[in-house]
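Asks: Show me the folded form of this:
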Amino acid sequence: MPQPAYTSSTQRVQTWLDGRALHIRFNNPARHNALSVDMWEAVPPLLALARDDDRVRLVVFSGEGGKAFVSGADISQFEDMRAARAAVAHYEAMAEATLTGIHDFPKPTLACIRGWCIGGGVNVAISCDIRLATTDSVFSIPAARLGLGYRYSAMKNLVDLVGPGVAKDLFFTARRIDGVEAQAVGLVTRACPPDGLEALLAEYASSIGENAPLTVMAGKAITREILKPSPDLDRELCASLIRGCFESEDYTEGRTAFMQKRKPVFTGR
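Replies: Sure thing, here's the model as predicted:
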């Protein structure tokens, strides 16, 4: 059963723990979950708590109301937050810190997308490891229609995920695509009919939550190293993470459970 998790700094970001999954839900349905400043700022402290919480094996991001994951930045704040040069710098640094925090979080992250996933919503989604979406969800990167600058990190995440050709298509045209095309071009991991999203999320949360956390986290960290330019590749880190898996109690439990033909119970030790 879902349990209360951590106290968020704003009511527009909700959290709860369901099994081994920490849920972080954007709760601004009146604006289709557009990200306001307080919503951006609420996420990093929650991730900091989840990082060291042994109860948490994965983090799931979603949007309240069923109509949107995140519809972009809250443009009602643009005049105040992005009009002046100093305000732009502050806003961009704040968003960058949040997206980097999601991208670099050591445990698996999953975006559960229903409805609109626009601009900043796409940035949140592609900062996650896995994206599940309904086939009728709508994706778009409208930066070229707004004349705003797009951060290097956000563009790199997009190119790394879908390749330069698709990235330029979506970015140059700012066109909207549905969940079916999003899966076809690699923007979404899995797409399903609207009534199947809850079951698909449960499948992923259960599988990830039950698997060996040290192995999963090592795989995530090594994947990140693989994507770095070769001069920056930390091979010793990769080797150390692998050794940590083989020397763990979980590896012993996994081998023992396999031999005994039972389901393993992993502890992250």
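Asks: In the stretch 101-250 of the chain, mark out all the strands, start to finish.
Replies: Assignment of strands within the stretch 101-250 of the chain using DSSP state E, counting those that start in this stretch yields the ranges 109-113, 116-118, 130-134, 138-140, 177-178, 190-192.
Asks: Surely residue 58 and residue 22 touch.
Replies: Yes: at 7.4 Å, residue 58 and residue 22 qualify as touching, with contact defined as CB atoms under 8 Å. Just so you know, the C-beta spots here come from the backbone N, C-alpha and C atoms, and that holds for glycine as well.
Asks: Now do the SS call for residue 6.
Replies: Three states are possible here, and by DSSP: H, G, I helix; E, B strand; the rest coil the one that applies to residue 6 is coil.
Asks: Surely it and residue 49 touch.
Replies: Yes: the pair residue 6 and residue 49 passes the contact test of CB under 8 Å, sitting 5.0 Å apart.
Asks: out of those two, which sits in the more crowded spot?
Replies: The residue with more neighbours, out of residue 6 and residue 49 and counting by other CB atoms under 10 Å, is residue 6; that gives 18 against 15.
Asks: who's in contact with that one?
Replies: Contacts of residue 6 were listed using CB atoms under 8 Å, 6 or more residues apart in numbering, and they are 15, 45, 46, 49, 50.
Asks: right, and the strands of the stretch 101-250 of the chain - which one's nearest residue 201?
Replies: When these are compared for distance to residue 201 using CB to CB, the nearest one is strand 109-113, at 5.2 Å.
Asks: Which strands border that closest one, and is each parallel or antiparallel?
Replies: strand 58-63 (parallel), strand 130-134 (parallel) (DSSP bridges).
Asks: send the alpha carbons of that strand over as PDB?
Replies: The C-alpha coordinates for strand 109-113 follow below in PDB (Å, rounded to 0.1, in the frame of the first residue of the first chain):
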ATOM      1  CA  THR A 109      14.400   6.800 -12.700                       C
ATOM      2  CA  LEU A 110      11.200   6.300 -14.700                       C
ATOM      3  CA  ALA A 111       8.900   8.800 -16.300                       C
ATOM      4  CA  CYS A 112       5.200   7.700 -16.500                       C
ATOM      5  CA  ILE A 113       3.700   9.900 -19.200                       C
END
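Asks: what does it contact?
Replies: 58-63, 69, 102, 124-125, 127-134, 137, 179, 188, 197, 201, 204-205, 208.
Asks: and if you look at stretch 238-246?
Replies: When contacts are taken as CB under 8 Å, 6+ apart, the neighbours of stretch 238-246 outside the stretch itself are 212, 214, 215, 217, 218, 221, 222, 225, 251.
Asks: Give me the average confidence score over that stretch.
Replies: Confidence for stretch 238-246, expressed as mean pLDDT, is 85.
Asks: Which residue ranges of this protein form helices?
Replies: Using DSSP state H, the helices found in the chain span residues 37-51, 78-81, 85-103, 120-127, 143-146, 152-162, 164-173, 179-184, 197-210, 213-226, 235-246, 249-260.
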